[in-house]
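**Q** whatever this is, show me its structure:
(one chain, ligands or ions: 1)
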Amino acid sequence: MRKAKPAALAAALGLALAAGVASAQTIKIGFITSYSGLNGNLGPYMERGARLYLKEHANELPPGVNVEFLIRDDTGPNPDKAKQLAQELIVRDKVNLLAGVIFTPNAMAIAPLATEAKVPFIIMNAGTAVITTRSPYIARLSFTLWQSCYPLGQWGAKRFKRVYTMVSDFGPGHDCEDAIVRAIKESGGEVAGTVRVPLVNPDFVPYMQRVKDAKPDALAVFIPAGKTATAVLKAFGDLGLANSGVKLIGPGDVTTDEELQNMGDAALGVLTVHHYSAAADRPANKAFVAAWKRDYGANETPNFVAVGGWDGMAAIMYAIKEQNGKLDPDRTMDLLKNFKDPNSPRGPISLDPATRDIVQNEYLREVRRVGGKLVNVELETVGTAVKDPWKELNKK
Ligand code: PHB
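**A** Residues are numbered from 1 along each chain as shown. So this is what the prediction gives:
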């Protein structure tokens with residue numbers, strides 16, 4: 001009799017645990033992003049953005065439902081690593097969703113796995129236009145480079161006679177170059193030259209010298225956000241391009257909010273087109289930035305990667321709520337296609353049901369010093385409810 005007691009207790013405990021597990025529904029999100037390697041500081045912005053959304057909206061989760069992030073480091077642009085992580089998350093951890101990804105090559109490597117396993121994949125950064133066509137299980141809550149670079153080219157052609165482009169030599173760089181060159185040619189402007197620089201550890205000085213010699217009116221640069229942006233600004237400043245009459249322009253990656261204070265005065269006056277600025281005075285953005293500073297520190301500033309994480313999590317939350325916590329992959333995709341938020345920190349957003357790509361505004365911004373800090377001041381809205389122009393221009 002005595003011996004049976006602990007066993008009975010253990011059995012009862014086991015039952016209780018099983019009951020607890022059965023009534024609490026856990027949604028597992030396999031979260032793949034970059035914490036090391038090239039611009040490895042960007043991953044934490046994405047993760048913190050997603051976690052902050054979840055925290056601020058935790059009371060909207062259906063009763064008994066909770067969300068677990070399985071966080072993985074893809075170590076920068078590393079498609080083999082990203083694929084291996086996605087495989088493990090799908091097969092071993094049995095995640096309900098995949099999310100994250102800073103770099104295009106990684107998103108491309110994960111796409112076929114999402115299709116094969118029918119696991120919805122919510123992209124929170126990677127911006128090459130073609131990515132969403134690689135799997136019907138992808139929804140993108142970030143941006144495409146065509147969305148910023150095409151209106152940038154249209155605006156730039158009105159303001160500058162000759163524009164030179166400089167881009168990182170990989171998918172999003174090629175998209176940005178194509179978009180600017182196309183927009184300038186359509187507007188009857190002149191492309192002074194184009195150059196592609198290596199993605200990893202480029203020395204910008206010789207490239208900047210080449211641009212200086214060509215004497216364009218503007219230099220449009222795309223590089224991945226993070227430390228690479230600061231390296232561009234440093235080379236631009238050191239070679240005195242601004243003083244020789246070259247205006248630096250680009251999509252917002254080149255004046256990414258988290259690096260502005262490291263860039264110093266070389267960033268002053270740089271004009272960019274982008275969907276998000278931490279300095280935007282929309283009430284939804286003010287609330288977002290205040291929550292960020294409250295949780296992560298008064299000196300911390302979110303960037304567009306953080307907003308990708310925030311809005312990506314908003315879309316996931318919508319799919320969870322609508323299905324009462326029981327996720328079916330095809331139903332999830334149907335719901336995501338109709339996701340809308342009139343009040344994102346970046347302004348109104350929605351997903352285009354035809355492409356599963358985000359539709360959003362694009363703002364012209366200028367780096368100015370405000371209250372002692374460099375910020376991207378939004379000057380005007382250059383595009384309203386912009387769909388990915390690459391897909392619009394290549395419609396059959
Ligand atoms: C991308 O790989 O698609 C990418 C990376 C960094 C950016 C933008 C796009 O700032």
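**Q** helices of the protein, start to end?
**A** Using DSSP state H, the helices of the chain run over 4-23, 42-56, 79-91, 104-117, 145-159, 171-186, 204-214, 227-238, 260-263, 283-296, 304-322, 329-337, 389-393.
**Q** buried set for the last one?
**A** Neighbour-count burial for helix 389-393, with 16 or more other CB atoms under 10 Å as criterion, is recorded at Pro389, Trp390, Lys391. For every residue, glycine as well, the C-beta is placed using N, CA and C.
**Q** that older thread, so can I have JSON lines of the helices of the chain showing distance to Val130 and mean pLDDT?
**A** Output for these, formatted as JSON lines (distance: least, CB to CB, whole Å; pLDDT from 0 to 100):
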{"stretch": "helix 4-23", "distance to Val130": "41", "mean pLDDT": "50"}
{"stretch": "helix 42-56", "distance to Val130": "21", "mean pLDDT": "98"}
{"stretch": "helix 79-91", "distance to Val130": "14", "mean pLDDT": "98"}
{"stretch": "helix 104-117", "distance to Val130": "8", "mean pLDDT": "98"}
{"stretch": "helix 145-159", "distance to Val130": "10", "mean pLDDT": "98"}
{"stretch": "helix 171-186", "distance to Val130": "7", "mean pLDDT": "98"}
{"stretch": "helix 204-214", "distance to Val130": "26", "mean pLDDT": "97"}
{"stretch": "helix 227-238", "distance to Val130": "22", "mean pLDDT": "97"}
{"stretch": "helix 260-263", "distance to Val130": "30", "mean pLDDT": "97"}
{"stretch": "helix 283-296", "distance to Val130": "30", "mean pLDDT": "98"}
{"stretch": "helix 304-322", "distance to Val130": "18", "mean pLDDT": "98"}
{"stretch": "helix 329-337", "distance to Val130": "19", "mean pLDDT": "98"}
{"stretch": "helix 389-393", "distance to Val130": "8", "mean pLDDT": "98"}
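**Q** does stretch 108-124 come close to the ligand?
**A** No. Judged by CB under 6 Å from any ligand atom, stretch 108-124 and the ligand are separated, with a smallest distance of 9.0 Å.
**Q** show me what counts as buried in that stretch.
**A** For stretch 108-124, burial by neighbour count (16+ other CB under 10 Å) applies to 108-111, 113-114, 117, 119-124.
**Q** next, give me the two most distant ones among the residues you listed.
**A** Within these, Ala117 and Met124 form the most distant pair, 19.4 Å apart (CB to CB).
**Q** residue of the stretch 151-300 of the chain closest to the ligand, please.
**A** Closest to the ligand within the stretch 151-300 of the chain is Pro224: 3.3 Å, counting by CB to the nearest ligand atom.
**Q** grab the most central residue of the protein for me.
**A** Asn125 (2.5 Å; CA atoms, centre = their mean).
**Q** count the residues that sit near Val205.
**A** 14 (other CB atoms under 10 Å).
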